[in-house]
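Asker: okay, here's the prediction I keep looking at, along with the sequence it came from:
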Amino acid sequence: MLFREEDENEAVLPFENRADAGRILATKLTTYSCRDDVVVVGVARGGVSVAFEVARALHAPLDVLVVRKLGSPFNKELGLGAVAAGGVRALDSSIVRELSLTDKDIQAIINTELRELHRRERVYRSDHPPLPVAGKTVILVDDGIATGNSILAAIQALRLQRAARIVVATPMLAASSGVAIRMEADELVCVAEPEALMAISQCYEDFNEVSDADVCTLLLEADKFVPLAA
């Protein structure tokens, strides 16, 4: 697929916070400004804070996509894959084999994360359906991409909703994850792509947790400055 590779700009690191990162990221997406075929989608929860600033700068509607990482039963920080809204499941088969996990083990992890995914969807949407993305250009935003499992699941979810074009946009991306994402997305835009990345948090001065209430507030605030997608 086609992609636009941004020049690395690690001089901006660390970002002050997610809002600062979103404003900087938006400057690389100006070609999508004021277009009625564009929807900005933030990956919950941290990605919504970045996506809010992108949507505001582009005068585009904002929505949320819930994705849950599947953590290893031995180390929750070790990602086996991810699940996303719409029943999407993406597994890292190499890690599953390395840990000798059974189908039963994996299903138990998936079931736990799906319960949390559905809870968050109920909280964020308050019975309002997702914005339609069929035939639209979707700018899919996260606050950082390390392994890439979550964003790959999110891309699959948007493909199932028949998005015409998916632009993955993130303030920072681990260089090792770029190849897989560029293969699945139509375009990848990032501010910095460091070779050595231990954690996304190291790229931010303030990386406080984003709460469910924060996500709901941002979505409501976004309704005030952009029209709903047609």
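Answerer: Nice, thanks for sending it over. Residues are numbered from 1 along each chain as shown.

Asker: run through who's touching the longest helix seen in the chain.
Answerer: The residue-count maximum for a helix in the chain (DSSP state H) belongs to helix 103-125. By CB atoms under 8 Å, 6 or more residues apart in numbering, the surrounding residues in contact with helix 103-125 are 44-45, 64, 66-71, 73, 80, 83-85, 89, 91, 96, 212, 215-216, 219. C-betas here are computed from N, CA, C, even on glycine.

Asker: now do the buried residues in the helix or strand of the chain with the lowest mean pLDDT.
Answerer: Least confident helix or strand of the chain, by mean pLDDT, DSSP states H and E, is helix 93-99 with a mean of 76. For helix 93-99, burial by neighbour count (16 or more other CB atoms under 10 Å) applies to 95-96.

Asker: same check, this time on stretch 191-201
Answerer: Residues of stretch 191-201 classed as buried: 191-193, 197, 200 (neighbour count, 16+ other CB under 10 Å).

Asker: now it: mean pLDDT?
Answerer: What stretch 191-201 shows for mean pLDDT is 85.

Asker: first-to-last residue distance for it?
Answerer: Start and end residues of stretch 191-201 are separated by 15 Å (CA to CA, to the nearest Å).

Asker: what distance separates that stretch from the centre of its chain?
Answerer: Here stretch 191-201 is found 16 Å from its chain centre; the criterion is CA atoms, centre = their mean, to the nearest Å.

Asker: so which of the buried residues of stretch 191-201 sit within strands?
Answerer: Of these, the ones assigned to strands by DSSP state E are 191-192.

Asker: can I get the buried residues of stretch 191-201 in JSON lines with distance to Met183?
Answerer: Formatted as JSON lines, the buried residues of stretch 191-201 follow (distance: CB to CB, whole Å):
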{"residue": "Val191", "distance to Met183": "21"}
{"residue": "Ala192", "distance to Met183": "21"}
{"residue": "Glu193", "distance to Met183": "16"}
{"residue": "Leu197", "distance to Met183": "20"}
{"residue": "Ile200", "distance to Met183": "22"}
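
Asker: of the buried residues of stretch 191-201, which is the nearest to Gly135?
Answerer: Lowest distance from Gly135 to these (CB to CB) belongs to Val191, with 28.6 Å.
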